[in-house]
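**Q** I'd like to go over a predicted model; first the sequence, then the structure.
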Amino acid sequence: MKIVYQGFTASGQKLIIRYPLARDLLQVWRYFNKLSAEKTFITYQGEKVSKKDEAQWLDKKIKDITQKKLVLLFVFIDGKLSGVSDITLKERVQKHIGTFGITLASTARGQGIGKILMSLIISQAQKKLPSLKTITLDCFANNQVALNLYKSLGFIEYGRLPKGLNYRDTLVDEISMYKPIE
Ligand SMILES: CC(C)(COP(=O)(O)OP(=O)(O)OC[C@H]1O[C@@H](n2cnc3c(N)ncnc32)[C@H](O)[C@@H]1OP(=O)(O)O)[C@@H](O)C(=O)NCCC(=O)NCCS
């Protein structure tokens, strides 16, 4: 079942990081809607996703993994889905560029799991996406924890769109970063 990491959290809970399976649907649907409702630093800010749309999303992701278009990892803490990260290749003249995304459930943050997950998704991308030369990401400028994490893993800022994102009814800058892959 394509487990890429097994260990324990700082508080001794069982930590498994693996590729997604079709049977994860209910968990990922609930996980996603909870994050959206939280209005954290993601593009969904309270919008709800239907179970049908989530099923299509998961189905497509699983197919795209087989077709080497992306890598996608799920984090389970004591069996509960608690994090998701992906690197997705762009197309045509940008097919050497992969865009990165990461989220953790609020209960899983601040314990080093983000760093483990991000290191794993990068190494999986290096192994499974042969055309990959550069990883890019976009981030809310007021998301200091994420910016710390990205800098610590070698991401470099290459752009800033002033007032590019709406964070809880305030316009904040959007920071764009990249990391070259050898
Ligand atoms: C951003 C996110 C993935 C980071 O994962 P995490 O597990 O919380 O982060 P880690 O514990 O691995 O810590 C990463 C870095 O941030 C620092 N950090 C962690 N929590 C922190 C806090 N509350 N305040 C300041 N710094 C913090 C750590 O010290 C670490 O820095 P280091 O590498 O210099 O030691 C996670 O917090 C999250 O999902 N947040 C909500 C969604 C989100 O912001 N997604 C990113 C969208 S761009």
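**A** Received it, and whenever you're ready, just let me know what you need.
**Q** Give me the neighbour count for the closest residue to the ligand within the chain.
**A** As assessed by Cβ to the nearest ligand atom, the ligand sits closest to Gly114 within the chain, at 2.0 Å. (Glycine included, C-beta is placed from N, CA and C.) Gly114 has 23 neighbours, counted by other Cβ atoms under 10 Å.
**Q** is it true that it touches Ile102?
**A** Yes: if you go by Cβ atoms under 8 Å, Gly114 and Ile102 touch, sitting 6.4 Å apart.
**Q** what is in contact with the two at once?
**A** Listed contacts common to Gly114 and Ile102 are Gly83, Ala146; contacts here mean Cβ atoms under 8 Å, 6 or more residues apart in numbering.
**Q** what about the closest residue to Lys90 other than its chain neighbours, neighbour count?
**A** The shortest distance from Lys90 to any non-neighbouring residue, by Cβ to Cβ, 6 or more residues apart in numbering, is to Ile97 (4.8 Å). Ile97 has 19 neighbouring residues, counting by other Cβ under 10 Å.
**Q** Please apply the same query to the one 4 residues further on.
**A** Counted with other Cβ under 10 Å, the burial measure for Gly101 works out to 15 neighbours.
**Q** Let me see the confidence value for it.
**A** Per-residue confidence (pLDDT) for Gly101: 98.
**Q** does it really touch Leu73, like I thought?
**A** No: contact between Gly101 and Leu73 fails when scored by Cβ under 8 Å: they sit 11.0 Å apart.
**Q** Is Ser176 in a helix, a strand, or coil?
**A** State at Ser176, reduced to three classes by DSSP: H, G, I helix; E, B strand; the rest coil: strand.
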